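1. Whatever this is, show me its structure:
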Amino acid sequence: MTRVLVLNCGSSSLKYRLFEGDAAVVASGIVERIGEDEPGAPRDHAEALSTAMAGLPLEGLTAVGHRVVHGGLTFTAPAVVDDAVLAAIAELVPLAPLHNPANLAGIEVARALLPGVPQVAVFDTAFHRTLSPAASTYAIDAATAERYGIHRYGFHGTSHAIVSRRTAALLGRPLAEVNTVTLHLGNGASACAVEGGRSVATSMGLSPLEGLVMGTRSGDLDPAIIFHLHRVAGLPLGEIDDLLNRRSGLAGLAGVNDMRTLLARRASGDGAAALAFEVYCRRIRSYVGAYYAQLGRLDAITFTAGVGENAPAVRAAALAGLDRLGIVVDPVRNDAPDRGARVISPPDAPVAVCVVPTDEEWEIARQTLGVVAP
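-> As a prediction, the model looks like this:
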């Protein structure tokens, strides 16, 4: 019986899930406030992971799978961790300064606590390494881009991978024959055009800031806004970075980053909430149209993650007006209280609109087993 521990280390948190056999969850949990000066808070990731593992049945553990946010151009698939892999992940820290250091800490602690157990790094960016040069290249000076690693990397790869695969299964068709636009809508949000199981376009770029409107991130904007805020408003670059990543998106427009709260305020007549909702959905609709054009043929649009799975109003508004493209949401199906994978378009719609729950932890476990299983 295989048993895989999946670890997702953030800067001040640790999420874990222990799988056994075919996706059965044996245990799961989260440790928060790591390194914070509060009573009872773990001093560091080593203490947090030691505490978490003390209560887990780890006998016969097959492997540990680690979420690593940025694999750059180096990693196109999961990698069994050795010293060279650790060094390569460390070299990518400038591309993901908020994420890769925490991911590295989790790997190093797990290696120390579980000697002899294979450790596998699974990269958010790896699924998007199938992007063509035309899809992944920014139109800036080529030498500058090469020197500083400026490239469209894309993120949420584990989610887009499992959701596109499960969409094909839901439709009863081989993955290789299905073209899908997957919409991962959570506090972070991204769109991906998946052609026969391969990512061919995605909305996040060098960092997770680009693309869709998110809970606290702006998504796409005119780069001149940054220069304007620096030169005219006198804001330092660090403050602009904080503004675009932590004080923009829904939070910047309406003061809240939780879609449930936003929808409640919108229903009560809050004008700022209504505008934020329209901006959010308009951005999604523009990406759906663009990716339809990129794919040439579209078989399905799939919503996933917290907002995508649980906000019928967002799904309906994001695809409103696309009827002539064969994209229609059935109101009754869309509003039904189902929670599993389902189709919410009419039975005869040319493009299936689906809702498929994501499971990034299981995708990490699956990819981990793919490189360590005999």
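
2. among the helices and strands of this protein, which has the poorest mean pLDDT?
-> Lowest mean confidence among the helices and strands of the chain (mean pLDDT, DSSP states H and E): helix 45-54, at a mean of 85.

3. how far does the helix or strand that that one is followed by sit from the chain's center?
-> Using DSSP states H and E, the helix or strand that follows helix 45-54 towards the C-terminus is strand 63-68. Taking Cα atoms, centre = their mean, to the nearest Å, one finds the center of strand 63-68 at 16 Å from the center of the full chain.

4. Off-centre distance for the longest helix belonging to the chain?
-> Secondary structure of the chain per DSSP state H: the longest helix is helix 271-295. Helix 271-295 sits 18 Å away from the centroid of its parent chain (Cα atoms, centre = their mean).

5. Please enumerate the strands of the stretch 101-250 of the chain.
-> For the stretch 101-250 of the chain, the strands defined by DSSP state E, counting those that start in this stretch occupy 119-123, 179-185, 189-195, 198-202.

6. Residue 323 - how many residues pack around it?
-> Per other Cβ atoms under 10 Å, the neighbour tally for residue 323 reads 11. Placement of C-beta: from N, CA and C, glycine included.

7. Which residue is the nearest non-sequential neighbour of residue 275?
-> residue 253 (6.4 Å; Cβ to Cβ, 6 or more residues apart in numbering).

8. Please verify my assumption that that neighbour contacts residue 272.
-> Yes - using Cβ atoms under 8 Å, residue 253 makes contact with residue 272 at a distance of 6.4 Å.

9. neighbour count winner among the two?
-> More crowded of residue 253 and residue 272, by other Cβ under 10 Å: residue 253, with 20 against 15.

10. in what helix or strand does the more buried one lie?
-> Under the criterion of DSSP H and E, residue 253 resides in helix 249-254.

11. Could you give me the buried positions within that helix?
-> 249-254 (16 or more other Cβ atoms under 10 Å).

12. Roughly how far does residue 176 sit from residue 160?
-> In this view, residue 176 and residue 160 are 16 Å apart by Cβ to Cβ, to the nearest Å.

13. So the two - more neighbours on which side?
-> Between residue 176 and residue 160, residue 160 has the larger neighbour count (other Cβ under 10 Å), namely 31 against 10.

14. Touching, the more buried one and residue 127? I think so.
-> Yes - counting by Cβ under 8 Å, residue 160 touches residue 127, with 5.9 Å between them.

15. who's residue 192 bridged to?
-> Counting by DSSP bridges, residue 192 is bridged to residue 182, residue 202.

16. What residues does it make contact with?
-> Residues counted as contacts of residue 192 (Cβ atoms under 8 Å, 6 or more residues apart in numbering) are 128, 154, 156, 160, 164, 181-182, 184, 199, 201-203, 291.

17. Run a quick neighbour tally on residue 54.
-> Number of residues near residue 54 (other Cβ under 10 Å) recorded here: 9.

18. Return the residues in contact with it.
-> Neighbours of residue 54 in contact, by Cβ under 8 Å, 6+ apart: none.

19. now do residue 352
-> By Cβ under 8 Å, 6+ apart, the neighbours of residue 352 are 171, 299-301, 343, 345.

20. quick one: low-confidence ranges for this protein?
-> 374 (pLDDT under 70).

21. any idea how far the residue of the chain most remote from its centre is from residue 226?
-> Distance from the centre of the chain peaks at residue 232, with 34.3 Å (Cα atoms, centre = their mean). According to Cβ to Cβ, residue 232 and residue 226 sit 11 Å apart.

22. got a markdown table for the contacts of residue 352, with secondary structure, neighbour count and distance to residue 2 too?
-> Converted to a markdown table, these look like this (DSSP: H, G, I helix; E, B strand; the rest coil; neighbours: other Cβ atoms under 10 Å; distance: Cβ to Cβ, whole Å):
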| residue | secondary structure | neighbour count | distance to residue 2 |
| --- | --- | --- | --- |
| 171 | helix | 18 | 29 |
| 299 | coil | 17 | 33 |
| 300 | strand | 24 | 31 |
| 301 | strand | 27 | 34 |
| 343 | strand | 19 | 32 |
| 345 | coil | 21 | 37 |
